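**Q** Turn this into a model:
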Amino acid sequence: MAVLQVPIDVREVKVRKSEIARYLGYRGVTPDTAVETRIDACLAKLVAMSRVRDCYQVFDLTQNEDTLSFAGVLVTSKSLSRNLRACSRVILFAATIGPGVDALIRRSELTSMTDAAIYQAAGAALIEAVCDQLNLSLKELARSKGLFLRPRFSPGYGDVPLALQKDFFRILDPAKNCGISLSDSLLMSPSKSVTALIGVSEKDTPCILDGCESCENAATCAFRR
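**A** Next up, the predicted model:
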């Protein structure tokens, strides 16, 4: 089965500055004008250094209580099984904003720890925004076929083992297709990289792109992750 890609122009990705502020530790407090100006400058440099690469594949999915099977992989997880209930297929994807961001962070650690912290926060917000854009493109493609997607779910989240990363890298080969490597300790390089799976269902749900954490119905939803 061929590995597919979604073309994403990083300059058109919408990064929420509130997310950058949240990663920096601002909770319930708005950064002052000086900090906001610094965030804007760092974000502009970070976007200029970023190179988005992604890849994905779609696989049939079978479930037996809390055990799921796809692409020759068996996963036992209550939270993932709940999230993928009534799904017949699953999308596996990997995405990164490239090694330039890590180089920018390393250089800043020698000159300004404040800028380094902002680059870390902005990089985290940018890769999530890239994944949101990828998710939206896949959602529109699925809807054109009368199908619906669940919120994405990454290895290491909830009770899904981080060791699932090894299967992602075996199946998708992100090293070849995205330039992402995996260390023995299961850390990805470039650091601002994400792997995740998305359930595909013939049944529509009230799921939102931001995921269960931002949904007001999460506490009672049968598909919450």
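**Q** Which helix or strand lies directly C-terminal to the longest helix along the chain?
**A** Taking DSSP state H as the criterion, the chain has its longest helix at helix 113-143. Moving toward the C-terminus from helix 113-143, the next helix or strand (DSSP states H and E) is strand 148-149.
**Q** Return the distance of that following strand from the chain's centre.
**A** The chain centroid and the centroid of strand 148-149 are separated by 16 Å under Cα atoms, centre = their mean, to the nearest Å.
**Q** try stretch 194-205
**A** For stretch 194-205, the distance to the chain centre is 13 Å (Cα atoms, centre = their mean).
**Q** list the buried ones in the longest helix of the chain?
**A** 115-135, 138-139, 142 (16 or more other Cβ atoms under 10 Å). Where C-beta positions appear, they are placed from N, C-alpha and C, glycine not excepted.
**Q** Who are the packing partners of that helix?
**A** Counting contacts by 3 or more Cβ pairs under 8 Å, 6 or more residues apart in numbering; DSSP states H and E, helix 113-143 packs against helix 17-23, helix 33-49, strand 53-60, strand 87-96, helix 100-111, strand 148-149, strand 193-201.
**Q** The same query, at a cut-off of 6 Å, please.
**A** helix 17-23, helix 33-49, strand 87-96, helix 100-111 (3 or more Cβ pairs under 6 Å, 6 or more residues apart in numbering; DSSP states H and E).
**Q** and the last one, what's its mean pLDDT?
**A** The one in question is helix 100-111. What helix 100-111 shows for mean pLDDT is 96.
**Q** for the first one, same thing?
**A** Computed over helix 17-23, the mean pLDDT rounds to 94.
**Q** Buried residues in that helix, which are they?
**A** Under 16+ other Cβ under 10 Å, the buried positions of helix 17-23 are 19-21, 23.
**Q** Likewise for the second one?
**A** Across helix 33-49, burial judged by 16+ other Cβ under 10 Å covers 39, 42-43, 45-47, 49.
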